[in-house]
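Enquirer: Turn this into a model:
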Amino acid sequence: MFFSLGQMGQWVFDRFLIATGKAMHFLITLGVASLVNLILDPVLIFGWFGFPRMETAGAAIATVVGQFCGAAAGIAVNKKWNSAIPILFRGSVDKKSVLDILRIGIPTFIMQSVVSLSGILMNTILQAFSYTAVAVMGICNRLSGLATIPINGINCGLIPLIAYNYGAKKKERIYESIRVSFRYDGILMGLVWLALSLFAGPILILFNASETMMEIGIPAVRIFAFSYFLSTLGLVYSTVFQALGRGDYSMWLTLCRQVFLPILLAYLLSRTGNLTLVWISFVLAELLAAPVAFWLMKRVDGKLLQDLP
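Expert: Reported below is the predicted structural model:
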């Protein structure tokens, strides 16, 4: 637990930068941690420059040292360029601040835990077809991580914009920020959808796909690519809810999109024996979650934004 303090510290100070709209400075802390890790890896793994040869243990030590260096860089960067959040270390704890953090953080913790569990359940459903189907699902999950990098970057910038304007009671600027985010997220995810649809085969070849995997994987990648495009709505609204302090709304929307609906639909459609319908369940989940997103946004409009000038 102690050795994870560097990683946790880096996360905290990185979030300070993102929350105050200085996301570019986050690259400094990330770069320091990665560079230190990159330099120390061969030194400690192979025992260069008089260090003992530690192999796997050396790689682990290099990672931990890099994380502590990243945390130290985070403190330095925040002190120099982020005057909006003064860095003060003291023994007393502000209970109200802790409760506010937990109110937003606990739903995220629950959401991430349940989403991980849903992966296990989905693999169980797919094993009834073949282990190749499970492997294809793993590839699509990796592609999802890559596909959503641009939209996650835009949404990181959206959080401080909405939070600042909510504090300043600028309702129209909040709506404008949401509209701009939808516009550019939609364009980017549309391009991702097009690229994955056109190059599904060559992408699978990068994973040394067999003939069977190609047969299963090409339609799967194309269907998932469409679901990534549809996920724009849910991702943007989840970000909006977080920025307005409604982590519970973000949690329920994400659980609907990524856990409850996909698992239920995949199970029901798997009873047909048609694997393609199981992939389509992710598209249906995004479509069925859209009314939930609109309903939650309507509640936000009525409770939080209605009285803003």
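
Enquirer: what are the ranges of the helices in the stretch 151-300 of the chain?
Expert: Here the stretch 151-300 of the chain has its helices, by DSSP state H, counting those that start in this stretch, at 171-198, 200-205, 211-243, 247-255, 261-270, 275-300.

Enquirer: Is the nearest residue to Ile61 once chain neighbours are set aside inside a helix or a strand, and which specific one?
Expert: Sequence neighbours aside, Leu44 is the residue nearest to Ile61 in space, at 5.6 Å (criterion: CB to CB, 6 or more residues apart in numbering). No exception for glycine: its C-beta is placed from N, CA and C like everyone else's. Per DSSP states H and E: Leu44 is located in helix 23-46.

Enquirer: same deal with Ser144?
Expert: Per DSSP H and E: helix 131-147 holds Ser144.

Enquirer: the inter-axis angle of that helix versus helix 211-243?
Expert: Angle of helix 131-147 versus helix 211-243, following axes from the mean of the first three to the mean of the last three CA atoms, to 10 degrees, is 40 degrees.

Enquirer: Show me what counts as buried in helix 131-147.
Expert: Going by neighbour count (16 or more other CB atoms under 10 Å), the buried part of helix 131-147 is Thr132, Ala133, Ala135, Val136, Met137, Ile139, Cys140, Leu143, Ser144, Ala147.

Enquirer: min pLDDT across those, which one?
Expert: Lowest in pLDDT among the buried residues of helix 131-147 is Ala147, which has 81.

Enquirer: residues touching that one, list them.
Expert: Each residue near Ala147 by CB atoms under 8 Å, 6 or more residues apart in numbering is listed here: Met189, Val192, Leu196, Ala225, Tyr228.

Enquirer: Could you rerun that using 7 Å?
Expert: Ala147 makes contacts with Val192, Tyr228, as judged by CB atoms under 7 Å, 6 or more residues apart in numbering.

Enquirer: gap between it and Asn141?
Expert: Counting by CB to CB, to the nearest Å, the gap between Ala147 and Asn141 amounts to 10 Å.

Enquirer: Then Thr239?
Expert: 21 Å.

Enquirer: And Tyr164, by the same measure?
Expert: On the measure of CB to CB, Tyr164 and Asn141 end up 34 Å apart.

Enquirer: List the buried residues in stretch 296-306.
Expert: Applying 16+ other CB under 10 Å to stretch 296-306 flags Leu296, Met297, Val300, Leu304 as buried.

Enquirer: And the protein, split by domain according to the record?
Expert: 2-81, 95-305 (automatic domain parsing).

Enquirer: okay, and for the protein, where does confidence drop off?
Expert: Residues of the chain meeting the criterion pLDDT under 70: 1-3, 21, 23, 26, 88-93, 104, 108, 111-112, 115, 307-309.
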